[in-house]
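Engineer: mind folding the following:
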Amino acid sequence: QALDFDGSNDYVTAGDIAAIDTATALTGCAWVKHDTLTGDDVIFSNTSSTSTNDGIHLWRDDTGASSGRTDTYSIQVADSTDTSAKRIEGATGASVSSTWTHVCFTYAFNSATGLRLYINGVEDASSPTSTTAIAAIDAGTTPFSIGVQSDLVTSEFDGQIDDVRVYNRTLSATEISQLY
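Structural biologist: Numbers count the residues shown, from 1 in each chain. Okay, the predicted model is just below:
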C-alpha cells in the first residue's frame, strides 16, 4: 500500500541514519505518482533547506536550477566537509502527473562516474557525473525524511510514494532494471 501525501504536513521521518551519513556507496529508489506538477516534490532527503544541504536529496524538480529542464527528477549529493555538491537534473518531461514512475539513483564515493540517475529502469542521458569532489555526505543529525525536505517545511510531496528503498551499495544498471 502506497503512502498518500496531500502536499501539506504529510511526511515520514526515520530519524538520523548513521549508515547513510557514513556511506561510501548508496542506492536509493522509490515508486512515485504525482497528483500535481506545480512545484518541487521531495521524494526523500536528509538535507535541510536552512543549512548547507549536506547529504542526499532526491526530488521531482519543477524547473532545474542548472539546466532549466522542466518536470524532471533530480538527485543532489552534498559534501559535509566543504561546499562541494554534485547534481543530476534529468530529462524534461520525465515526471508526469497521475502515472507511477520508478526513480533511482546510485552514489559511489570518489568516482568519475559516481552519481547516476535512473527513471523507469533506464539511466538518464544526463547521467553519470563525477563524485571525486565529494569527501563525505554526513548530514549530521538531520533526519532522513520521505515526502518532505528534512526540516519539514519545504517541497512537500503531493501524490503517492511506494516501495522506498535505500541500499548500502551501488546497484548495477541490471539490478535497477529488475526493480522496475
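
Engineer: next one: the lowest-mean-pLDDT helix or strand in the chain to chain centre, how far?
Structural biologist: Scoring the helices and strands of the chain by mean pLDDT, DSSP states H and E places helix 18-21 at the bottom, with a mean of 90. Counting by C-alpha atoms, centre = their mean, to the nearest Å, helix 18-21 is centred 15 Å from the centre of its parent chain.

Engineer: right, and the helix or strand after that helix?
Structural biologist: Toward the C-terminus, helix 18-21 is succeeded by strand 25-34 as the next helix or strand (DSSP states H and E).

Engineer: just to revisit the earlier point, ok, residues contacting the least confident helix or strand of the chain?
Structural biologist: Contacts to helix 18-21, defined as C-beta atoms under 8 Å, 6 or more residues apart in numbering, come from residues 26, 46, 55-56, 80, 137-140, 144, 166, 168. No exception for glycine: its C-beta is placed from N, CA and C like everyone else's.

Engineer: for those residues, which one is nearest Gln1?
Structural biologist: Val166 (19.4 Å; C-beta to C-beta).

Engineer: just the CA trace of the strand or helix carrying the closest one, in CSV.
Structural biologist: Assigned by DSSP H and E, Val166 belongs to strand 158-167. Listed next in CSV are the C-alpha coordinates belonging to strand 158-167 (Å, rounded to 0.1, in the frame of the first residue of the first chain):
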residue,chain,number,x,y,z
ASP,A,158,1.6,15.9,-3.4
GLY,A,159,0.8,12.3,-4.5
GLN,A,160,1.8,8.8,-3.6
ILE,A,161,5.1,7.2,-2.7
ASP,A,162,5.7,3.5,-2.5
ASP,A,163,8.5,1.0,-2.0
VAL,A,164,11.2,3.4,-0.8
ARG,A,165,14.5,1.5,-0.7
VAL,A,166,18.0,2.6,0.3
TYR,A,167,20.8,0.2,-0.2
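
Engineer: still on that earlier bit, between the contacts of helix 18-21, which sits nearest Asp35?
Structural biologist: Sorting the contacts of helix 18-21 by how near they are to Asp35, with C-beta to C-beta, puts Phe144 at the top with 23.4 Å.

Engineer: what distance do you get for the closest one to Gly68?
Structural biologist: 29 Å (C-beta to C-beta, to the nearest Å).

Engineer: one more: Ser45?
Structural biologist: 22 Å.
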